[in-house]
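Just a sequence and a predicted model for now, questions to come.
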Amino acid sequence: MDVVELEESLLNKTLIRISGSVGLRYALTKSWGIRSSYQYGYGINSMLKSYDQLPQTNAIQFGVKYKIK
């Protein structure tokens, strides 16, 4: 595996990305709850000028919520 340093002139200065998420929250009691969400992101333009490299991200999150009084 080779490591190559990229010159700044080869990189795009601005990246445009579209991102969206959807999630659920459910209260178990007045103080406790659970939540989950899914997020998707897609790059509109390439990070590199020499060829298309469009970044994509996916994330799934789960969590527990506690309300402090």
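That came through fine. Residues are numbered from 1 along each chain as shown.

any idea which residue sits dead centre in this structure?
What sits nearest the mean C-alpha location of the chain, by CA atoms, centre = their mean, is Thr57, with 5.1 Å.

Which strand residues bridge that residue?
Gly41 (DSSP bridges).

That one contacts Gly20, correct?
No - checked against CB atoms under 8 Å, the pair Thr57 and Gly20 is beyond contact range at 11.1 Å. C-betas here are computed from N, CA, C, even on glycine.

what is in contact with those two at once?
By the contact definition CB atoms under 8 Å, 6 or more residues apart in numbering, Thr57 and Gly20 are jointly contacted by 39-41.

Can you tell me which of the residues you listed is closest to Thr14?
Nearest to Thr14 among the shared contacts of Thr57 and Gly20 is Gly41, at 16.0 Å by CB to CB.

how close does the closest one sit to Val4?
26 Å (CB to CB, to the nearest Å).

and those two? which has more neighbours close in?
For Gly41 versus Val4, the count of surrounding residues by other CB atoms under 10 Å is larger for Gly41: 14 against 4.

Now do the same contact list for that one.
Neighbouring residues of Gly41 by CB under 8 Å, 6+ apart: 17-20, 55-58.

Format those as a markdown table; extra columns: distance to Lys49 and pLDDT.
Formatted as a markdown table, the contacts of Gly41 follow (distance: CB to CB, whole Å; pLDDT from 0 to 100):
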| residue | distance to Lys49 | pLDDT |
| --- | --- | --- |
| Arg17 | 17 | 88 |
| Ile18 | 21 | 94 |
| Ser19 | 23 | 95 |
| Gly20 | 27 | 97 |
| Pro55 | 15 | 83 |
| Gln56 | 19 | 89 |
| Thr57 | 22 | 92 |
| Asn58 | 26 | 96 |
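
Kindly reformat these as TSV containing distance to Leu11.
Listed next are these as TSV, based on distance: CB to CB, whole Å:
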residue	distance to Leu11
Arg17	15
Ile18	20
Ser19	21
Gly20	26
Pro55	13
Gln56	18
Thr57	19
Asn58	24
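
Tell me what Gly33 is bridged to.
According to DSSP bridges, the partner residues bridging Gly33 are Ala27, Lys65.
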